[in-house]
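Let's see this in three dimensions:
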Amino acid sequence: MAANTLESDWRKEGERRGYILVSPGTPDGSLFFEGADRVFPEFLEQLLRDYKVKGGKFHVAGHSNGGLQRVPCRRAVPQYVSTLTGYPGLLDGPDVGKMSVLKSMCIFMHVGDQDSGWMTSMQRQADEMKKQGFNVRFTVEKNQVHRLKASEIDLSNRLYQEIESCK
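This is a model prediction of the structure:
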């Protein structure tokens, strides 16, 4: 599923802009936020050694469960990561109370207007984060369900524009 998301939502525009896209997998079907994130800091350090990462910062994005998995990246935040994108996605999990470490980042949240359960939760979280001084942009995508159709709504281009607006 992660490979399909990279291909459909990120690859074409990323290659055009010169990005390197990486999607870490989890072993044995485990969930990233249930312990598989333990290798994340070393993984990012290896990428920094192997590639010339502009500005030495990464951009983390995820869809649905992948969007929920952003908070565990706290082990690599903020020294490595400058933007977080969930489409849809929430900052969730056992460490959500520690998310103040993310205040220096740009956080982007996209949800389909026909994804009522996620839309309500994401709107509530974005509003609360804004009150607390986070740099959050919340976007409701028209005529979209849970799995946003990037090609139908020019989402790929817009996601990269958001990332680049935070440099």
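
and the residue nearest the centre of the chain, what does it touch?
Residue closest to the average C-alpha location in the chain (Cα atoms, centre = their mean): Ala61, at 2.1 Å. Taking Cβ atoms under 8 Å, 6 or more residues apart in numbering, we find Ala61 in contact with 10, 67, 84-87, 159. For the C-beta atoms, the positions are set from N, CA and C on the backbone; glycine is no exception.

next one: the host helix or strand of it to chain centre, how far?
Per DSSP states H and E: Ala61 is located in strand 58-62. In terms of Cα atoms, centre = their mean, to the nearest Å, the centre of strand 58-62 is set 4 Å apart from its chain centre.

ok, now stretch 103-118?
Chain-centre distance of stretch 103-118: 10 Å, with Cα atoms, centre = their mean.

quick one: terminal-to-terminal distance for that stretch?
22 Å (Cα to Cα, to the nearest Å).

Flag every buried residue along it.
Buried residues in stretch 103-118, counted by 16 or more other Cβ atoms under 10 Å: 105-112, 115, 118.

follow-up on the earlier one: what separation is there between the residue nearest to the centre of the chain and Ser116?
Distance of Ala61 to Ser116, computed by Cβ to Cβ, to the nearest Å: 23 Å.
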